[in-house]
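Novice: Make a model of this:
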Amino acid sequence: MNSLLIAIIGTLCFFITIVWRSVQYVTPKMQGSSESSVPLAKQDDKVLFVVCLIILLVPIAIYSQLGRFNDWNTGYVAEHIDYLIAADINKNARAVNTDPNNRLALINLANAYAEGGMYDKSVQTLNELLEIKTDAEVLGMKANALYYRDGRDMSLEVTIVLSQALAIDPNEVQSLLLIATDAFLNKDFQKAIEHWHQLLDSNNLSVNRTSIKNAISRAEQEIANQAVTASE
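Specialist: Alright, predicted model coming up:
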């Protein structure tokens, strides 16, 4: 059994023992020594037992649902990852193990890895998905994972994957967002604006239009600032 689970159970048992002994000590004083108090004492013991059992079982049940640390030790998750993300990775990894060809499970696992900063594992998962079927969305996700894995580097590998995605779907959201974001970070504001406008013109419902419009306004302000600086 996992050492953390043993520690949890041990700590809970310790506190339950203290509560139990305290109640056993206080109850006789409150009820007196009359015979009529005996059934009541037995009833209180049963209630106390149920309460203690609930206190013991509920944290264990929550622990089992949030994530099993045994899975972390087998390489699913790095220990420094937030426990909620780790639990999500473990859950999706189990779903993939159950059905290795489940597209949704593989996408969820790749996204969970990316959220945890495990971009290399995200790329590996997306490659498994691409072996099943070539898909513009998956290629866009892979390009993003490669980009952030390599420290925001628009490498030749990333560029090739982006080209593959946009050849299938010229308006693929993840690909266009990545190109626009990289352009903005490298102060190519006009290029960023063009790709953001392409996303808006695509009328894709998954696009956050408010955020993109704000990004365009910021890029336009940067262009205006550059013009002012150049004229001085």
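Novice: All the helices of the chain, in order from the start?
Specialist: 3-31, 37-66, 69-73, 83-98, 103-115, 119-132, 136-149, 156-168, 173-185, 189-202, 209-231 (DSSP state H).
Novice: Show me what stretch 164-171 is in contact with.
Specialist: Under the criterion CB atoms under 8 Å, 6 or more residues apart in numbering, residues 134-137, 139-140, 143, 172, 174-176, 198-199, 202, 204 lie in contact with stretch 164-171. C-beta: built from backbone N, CA, C; applies to glycine.
Novice: mind redoing it with 10 Å?
Specialist: 130, 134-143, 172-176, 178-179, 198-199, 201-204, 207 (CB atoms under 10 Å, 6 or more residues apart in numbering).
Novice: Stretch 195-212 too?
Specialist: 137, 169-184, 213-216, 219.
Novice: remind me which residues of the chain are low pLDDT?
Specialist: Across the chain, the ranges flagged by pLDDT under 70 are 1-16, 18-52, 56, 58-81.
Novice: how about 90 then?
Specialist: Applying pLDDT under 90 to the chain picks out residues 1-86, 203, 227-232.
Novice: ok, Ala219 touching Leu185?
Specialist: No - applying CB atoms under 10 Å, one finds Ala219 not in contact with Leu185, separated by 11.1 Å.
Novice: Which members of the contacts of stretch 195-212 are classed as buried?
Specialist: 137, 169, 172-184, 215-216, 219 (16 or more other CB atoms under 10 Å).
Novice: thinking again about what came up before, which residues are common contacts for Ala219 and Leu185?
Specialist: Ala192.
Novice: Return the distance of Ser190 relative to Ala183.
Specialist: Careful, residue 190 is Gln; it's not Ser. 8 Å (CB to CB, to the nearest Å).
Novice: buried sites along stretch 125-141?
Specialist: Quick answer for stretch 125-141 (16+ other CB under 10 Å): 125-126, 129-130, 135-141.
Novice: Which pair of those residues spans the longest distance?
Specialist: Thr125 and Ala136 (17.1 Å; CB to CB).
Novice: before we move on, back to that, which single one of the buried residues of stretch 125-141 is nearest to Glu157?
Specialist: The nearest one, if we look at these relative to Glu157 and count by CB to CB, is Leu139, at 12.0 Å.
Novice: Show the contacting residues for the closest one.
Specialist: 126, 129-130, 160-169, 172, 174-175.
Novice: ok, now with 7 Å
Specialist: Contacts for Leu139 (CB atoms under 7 Å, 6 or more residues apart in numbering) come out as 161, 164-165.
Novice: just Gln174 next, same as before
Specialist: Counted by CB under 7 Å, 6+ apart, Gln174 has contacts 137, 140-141, 144.
Novice: could you list every residue that touches the nearest residue to it once chain neighbours are set aside?
Specialist: Once flanking residues are discounted, Gln174 sits nearest to Gly140: 3.2 Å by CB to CB, 6 or more residues apart in numbering. By CB under 7 Å, 6+ apart, the residues touching Gly140 are 165, 172-175.
Novice: let's go with 6 Å and repeat that
Specialist: Shown in contact with Gly140 (CB atoms under 6 Å, 6 or more residues apart in numbering): 165, 172, 174-175.
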